[in-house]
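**Student:** I need the structure of the sequence given here:
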Amino acid sequence: MSAGGLEILGAVAASVQLVQVAQTCLTIVKDIKRIAPLTREQNDARFSLLIQALWFEKWCMALGVQKALPDQGRSTCDHAVLNDQASFQGTARLRLGAGNSDLTKLISEALKDMKERLSEATKILKQYEESPVSSESSQPPIPGRLQVVPKGKKPSILTKLLRNEQKQSSSSRDASSVCSASSQSDTIPKSSNVLLRTKWVTSDKGRVEGLLKSVEKTNDLLRDLLDQEHQAQVDRQTDMTILDLVDSDTPIDAASTRPDLKAMGRIKLWQKQERRDHEVDDSVSIASSTILSNPTKAPRRTPVFQVHDFKRGSLPHGDYRTLTSLEDKKVLVEWKHYSRDQPIGFEQTLRLGGLAGLLNRHDVFQKFMTLPCKGLVHDTDNSRIGVIFSIDGSAASRLRSLHDLIRESPAMPAVLGQRFRLAKELVSAIHHLHSVDWLHKSIRSDNIVCSWAQETSSGLPPSSSTPTQELLFPKDNSDGVASVSEALRTLFRPFPPFYLVGWDLSRPDHPMELSETLSVSTAGFKNKRDAILLYSHPEIHAHSNSTIKPRYRAQFDIYSLGLVLLEIGLWRPLSHMRRSCKDDPEFRHKIITDYCNRLLLNVGEVYWRVVQRCLTNDFSDDSEGGTEKEGFPLQVGFEKSAVSEINRCFA
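**Tutor:** Model (predicted):
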């Protein structure tokens, strides 16, 4: 065989070895996921190990390693080629050349080291698994109980003591139990709580921490092999999975060094606690009665202001959104009306303030593309509560909605690259919001705002100016060059930061939560009813005149997001599209056909596909038979088919 052929075979063999080692690591990852609940001292380490294991698992998913080695029994050469194609075909994701066997071998060695570290850490932690008390004395040790002492190392004095403890406890078992115990002499009996704790403090804790650092270092190496796009994808998928695991026993504060992930974990813990507190009664919970007795007391220490704290007349009744000042700072107040006869609605409003307070921690509000919350204002005379958001900008600036910007310049769309950036920010915000099981319920282009100043930078010029005409037909004078230059600067100015507002209907995504009706939540704002219904999912629109409303789901948020993405792509208000249709069924049909297909020429196939998926809830794999997803599976599908895909759009 030629030297070139040997080199190719060597590269293929190295790739196969890498895949095999990676899959061995994935098997250990499954063992880590199955570790039973641990005592408090070891749970932090278990969760830290799980985070690193999850990240590695997502790394393998990004490279398709999990789909490698599909069959057994093939010839070695054929098997190697199939595996090489399955895992590395066209992988621009890795900085590996087609014949770079040296780098592949280095990665294989790093993965082998990770395998040993993961295996040893898993063995140590499995010693501390908690078993049900009732079965502890009657059941034999779990088959395959992992060894306390790694191979090649002498057992410590504590381990010998624990072995003696095990021998004494095993004498009361039957013969089969004795045989099982004697074959696993290195396991630790769970009755030795004091000795176990001492062993953890004196040796195992430090050893596990060292193993975790080594695994994290290897993960950092693997991360550097991915391009920026896939690094972000793996990070998103890992964070999403971690947040899905969060419960009252999750030590997320101790396990993660990232403040934003900790804060998002607290949001999920907070709403889970709220959910438990409010399951006392189906009508009015104890907590809601307590809050109603003291309406100035908001959860989570959110500041509550009164109307007299604002300038007289600056909070007119009838507005659903007020731009005013508080403590000499510009603020935005979003109002939510309530009825004294419906205490749950009042309580939900106060809980929104609790959420806003949590968003302020570590600037997590930026992940949700919203504004920092300053507190609440309670207007008892008009039975309404306002959520106060801080606004950056000069005194001369005013809020402009995305809907207004599109409506005022239909013939002159914003630069495509800026529209892509806005679309990415919106999709990412909804992804983060749903990852903590929270629904927005009011995703519309008029709820996407920016701080607008007439003479400051903006994505669009004032509606009265015509920079395109000036660019094509400059004035015939000495200032012609300057006119063209100014027109270019005006046309290509960057967008100001946009913010997602309209949180008055938002709530946790859980069947126990009540979905407020439009007539109650928008009391006094009848002119907004048509706009709200326009962006609503067809299932909601079909029941708009019924007293029975479908439970609002994350799928409905995603549908509304798809409509906003359609507006951004076509640079045309949704209301204008509706005017050309005789009824709502025709409008809903044309949205996913005629209007959506126009995106192909305007923004390309990738963007078009994302909008189609959002509008049709198409986030299922072909292998799943097109079944609709909900909950965490929907989050996974949305991240894969919407978030990751739209991040491929550039201009």
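**Student:** Show me how the chain divides into domains.
**Tutor:** 3-130+204-246, 153-189, 278-386, 415-448+508-651 (automatic domain parsing).
**Student:** rank those domains by pLDDT, which is bottom?
**Tutor:** Mean pLDDT values for the domains of the chain show the minimum at domain 153-189, a mean of 50.
**Student:** mind checking the longest strand of the chain?
**Tutor:** strand 329-337 (DSSP state E).
**Student:** Can I get that one in CSV, CA atoms only?
**Tutor:** Extracted in CSV, the C-alpha atoms of strand 329-337 (Å, rounded to 0.1, in the frame of the first residue of the first chain):
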residue,chain,number,x,y,z
LYS,A,329,-34.8,59.3,36.6
LYS,A,330,-36.7,58.5,33.5
VAL,A,331,-38.9,55.4,33.9
LEU,A,332,-41.4,53.3,32.1
VAL,A,333,-44.5,52.2,33.9
GLU,A,334,-46.5,49.2,32.6
TRP,A,335,-50.0,49.0,34.1
LYS,A,336,-52.0,46.0,35.0
HIS,A,337,-55.6,46.4,36.2
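**Student:** which other helices and strands contact that strand?
**Tutor:** Applying 3 or more CB pairs under 8 Å, 6 or more residues apart in numbering; DSSP states H and E, one finds that strand 329-337 contacts strand 321-326, strand 373-379, strand 384-390, helix 518-521. All C-beta spots, glycine's among them, are computed from the backbone N, C-alpha and C.
**Student:** Could you check how far D446 is from M369?
**Tutor:** For D446, the distance to M369 equals 15 Å [CB to CB, to the nearest Å].
**Student:** Give the buried residues for the helix or strand Q635 falls within.
**Tutor:** Per DSSP states H and E: Q635 is located in helix 631-638. Buried residues in helix 631-638, counted by 16 or more other CB atoms under 10 Å: 632, 634-638.
**Student:** And for stretch 28-47?
**Tutor:** Using 16+ other CB under 10 Å as the test for burial, stretch 28-47 gives 28-29, 31-32, 35, 38, 42-47.
**Student:** mind listing the helices for the stretch 251-400 of the chain?
**Tutor:** 252-255, 259-277, 286-293, 343-359 (DSSP state H, counting those that start in this stretch).
**Student:** Please apply the same query to the stretch 551-651 of the chain.
**Tutor:** 554-570, 574-579, 584-590, 596-597, 599-603, 605-616, 631-638, 644-646.
**Student:** and the fifth one, which residues are buried?
**Tutor:** By 16+ other CB under 10 Å, the buried positions in helix 599-603 come out as 599, 603.
**Student:** ok, and what's touching that helix?
**Tutor:** With CB atoms under 8 Å, 6 or more residues apart in numbering as the test, helix 599-603 has contacts from 416, 419-420, 566, 569-571, 607-608, 611, 649.
**Student:** Let me know the angle separating the helix holding Q635 from helix 605-616.
**Tutor:** Angle of helix 631-638 versus helix 605-616, following axes from the mean of the first three to the mean of the last three CA atoms, to 10 degrees, is 160 degrees.
**Student:** what lines up beside the longest strand of the chain in the sheet?
**Tutor:** Partners of strand 329-337 in the sheet, by DSSP bridges, are strand 321-326 (antiparallel), strand 384-390 (antiparallel).
**Student:** L634: what's it in contact with?
**Tutor:** 434, 554-555, 619.
**Student:** Tabulate these in TSV, adding columns for distance to D381 and neighbour count.
**Tutor:** Listed next are the contacts of L634 as TSV, based on distance: CB to CB, whole Å; neighbours: other CB atoms under 10 Å:
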residue	distance to D381	neighbour count
H434	37	23
A554	37	22
Q555	39	17
F619	46	22
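**Student:** Just the closest of those to R361, please.
**Tutor:** The closest of the contacts of L634 to R361 turns out to be H434 (CB to CB; 19.4 Å).
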